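Engineer: Structure for the following, please:
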Amino acid sequence: MLALGFTTRYSGLDATLGLTFAKTGFLYPFFGTLLGWLGVALTGGVMGKMIDAQSIVVASTATQWYGHEGDILRWVFWHSLTLASLMGVLVFFQAYVYPFTLMVVR
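Structural biologist: Numbering: from 1, shown residues only. From the prediction side, this is the model:
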């Protein structure tokens, strides 16, 4: 994970993703959430924890299902992406839709 972090940083991928998502304008609250999901998937935080490499290895070891890490990732990836998208929709509503904007602390 550390090597992947250095590779994305020094290749310019981090800056490119940041600039690209910043240009989404009105849809930034949705896409910014997905960018955060991608970041935590690499570091193992909250929404991305289920597709974090360490979590998948621990799951395969705990269930004694050795060598099936790819199968586990395929099963949980779409679930994780769906949850991140739903969170993106919620953040989008909090940014622009009236009753949800009341939840934002000012």
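
Engineer: how about low-confidence regions in this protein?
Structural biologist: Applying pLDDT under 70 to the chain flags the ranges 1.

Engineer: Which stretches in it count as helices?
Structural biologist: Assigned by DSSP state H, the chain shows helices spanning 2-11, 13-22, 28-43, 53-62, 69-96, 98-101.

Engineer: what's near enough to touch the residue nearest the centre of the chain?
Structural biologist: With distances taken as C-alpha atoms, centre = their mean, W37 lies nearest the centre of the chain, 1.4 Å away. Shown in contact with W37 (C-beta atoms under 8 Å, 6 or more residues apart in numbering): M47, G48, S80, L81, A84, M87. Quick note: C-beta positions are derived from backbone N, CA and C, even for glycine.

Engineer: Ramachandran angles for the residue of the chain most remote from its centre?
Structural biologist: Using C-alpha atoms, centre = their mean, the residue of the chain lying farthest from its centre is Q64. It sits 27.2 Å away. As for Q64, its main-chain torsions (degrees, to the nearest 10) stand at phi 50, psi 40.

Engineer: So it versus A95, what's the distance?
Structural biologist: 45 Å (C-beta to C-beta, to the nearest Å).

Engineer: ok, now W37?
Structural biologist: 17 Å.

Engineer: do the same with G36
Structural biologist: Distance from G36 to A95, counting by C-beta to C-beta: 14 Å.

Engineer: L86 now?
Structural biologist: Taking C-beta to C-beta, one finds L86 at 15 Å from A95.

Engineer: Compare these two and say which is more crowded by neighbours.
Structural biologist: A95 (16 against 12; other C-beta atoms under 10 Å).

Engineer: what residues are up against that one?
Structural biologist: Contacts here follow C-beta under 8 Å, 6+ apart; on that basis A95 touches P29, T101, V104.

Engineer: could you redo the last one with a cut-off of 7 Å?
Structural biologist: P29 (C-beta atoms under 7 Å, 6 or more residues apart in numbering).

Engineer: before we move on, back to that, please identify which of the contacts of W37 is nearest to A59.
Structural biologist: Nearest to A59 among the contacts of W37 is S80, at 13.2 Å by C-beta to C-beta.
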